[in-house]
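> I would like to see how this sequence folds:
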Amino acid sequence: MIYRFVFSCEEGDPTFRRVFEADADATFLELHEAILKSVGYPDDQMTSFFLCNDEWEKGQEVTLVEMDSNFEYDNMVMNETRLSDLIEEQGQRLIYVFDPMFERYFFGSLKEIKPGSMNGVECVESKGKAPKQLKSEDPLAGIDRKTDDDFLFDDEFKDEYDLGDIDMEGFQDLSFDDGTMF
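Numbering: from 1, shown residues only. Presented below is the predicted three-dimensional model:
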């Protein structure tokens with residue numbers, strides 16, 4: 001059997017769409033690699049697939065690497081899980097988490113199941129521009145960050161306390177360099 005998946009995204013270009021055809025015996029890893037190739041993202045994130053119900057509520061997870069198992073579902077790994085192991089009917093929804101740090105997703109749906117076979121997974125349609133992938137060397141790019149001093153002595157703190165009343169003696173000896181917390 002050949003599966004035809006359509007993926008879209010709620011952010012960025014509203015015309016973004018990727019269509020993949022996959023042999024039912026292809027693995028989730030092959031689908032993962034085809035998605036990354038189609039959008040030009042590096043393979044440096046801990047991505048996952050989730051099977052979803054009609055309301056896009058997450059169910060079974062398929063992870064890139066083996067992780068601690070959720071009590072509700074078995075631990076499934078992309079390179080060991082065939083698409084046909086979990087996807088059996090047209091209309092099945094799935095989420096591909098391409099940016100786990102900020103929970104950014106591609107929403108996918110199995111649009112068609114047709115007879116035949118093929119090798120692996122192939123992107124057969126590519127429309128629109130993929131959402132910008134954050135640089136791995138700066139995962140907080142675009143986030144308004146405060147300095148350490150801003151967090152320690154923000155305006156609310158300054159209004160409530162007089163910084164001159166804080167006895168800094170004793171704080172100089174605190175060091176976490178040895179790996180201990182206390």
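
> host element of the nearest residue to residue 11 once chain neighbours are set aside?
Distances taken as C-beta to C-beta, 6 or more residues apart in numbering place residue 131 nearest to residue 11, at 5.0 Å, with adjacent residues excluded. For every residue, glycine as well, the C-beta is placed using N, CA and C. Here residue 131 is covered by no helix or strand, with elements defined by DSSP states H and E.

> For stretch 14-28, measure first residue to last.
The first and final residues of stretch 14-28 sit 26 Å from each other (C-alpha to C-alpha, to the nearest Å).

> what about it, average pLDDT?
The pLDDT scores in stretch 14-28 average 97.

> Same question for that stretch: list its buried residues.
By neighbour count on 16 or more other C-beta atoms under 10 Å, the buried set for stretch 14-28 is 16, 18, 19, 20, 21, 22, 23, 24, 26, 27, 28.

> which stretches of the chain form strands?
When secondary structure is read from DSSP state E, the chain shows strands at 2-8, 17-23, 48-52, 58-63, 76-77, 93-99, 104-114, 121-127.

> Now for the closest residue to residue 56 other than its chain neighbours: which residues touch it?
Using C-beta to C-beta, 6+ apart and skipping the chain neighbours, the partner closest in space to residue 56 is residue 93 (6.4 Å). Applying C-beta atoms under 8 Å, 6 or more residues apart in numbering to residue 93 gives the contacts 51, 52, 53, 54, 56, 107, 108, 109, 110.

> so which of those residues is the most crowded?
Among the contacts of residue 93, the one with the most neighbours (other C-beta atoms under 10 Å) is residue 108, at 22 neighbours.

> Give me the pLDDT value at that residue.
pLDDT, residue 108: 97.

> ok, now residue 100?
Per-residue pLDDT puts residue 100 at 88.

> residues near it, how many?
13.

> And the residue nearest to it when sequence neighbours are not counted, how far from residue 78?
In space, and not counting its chain neighbours, residue 100 is closest to residue 46: 5.4 Å by C-beta to C-beta, 6+ apart. To residue 78, residue 46 is 11 Å away according to C-beta to C-beta, to the nearest Å.
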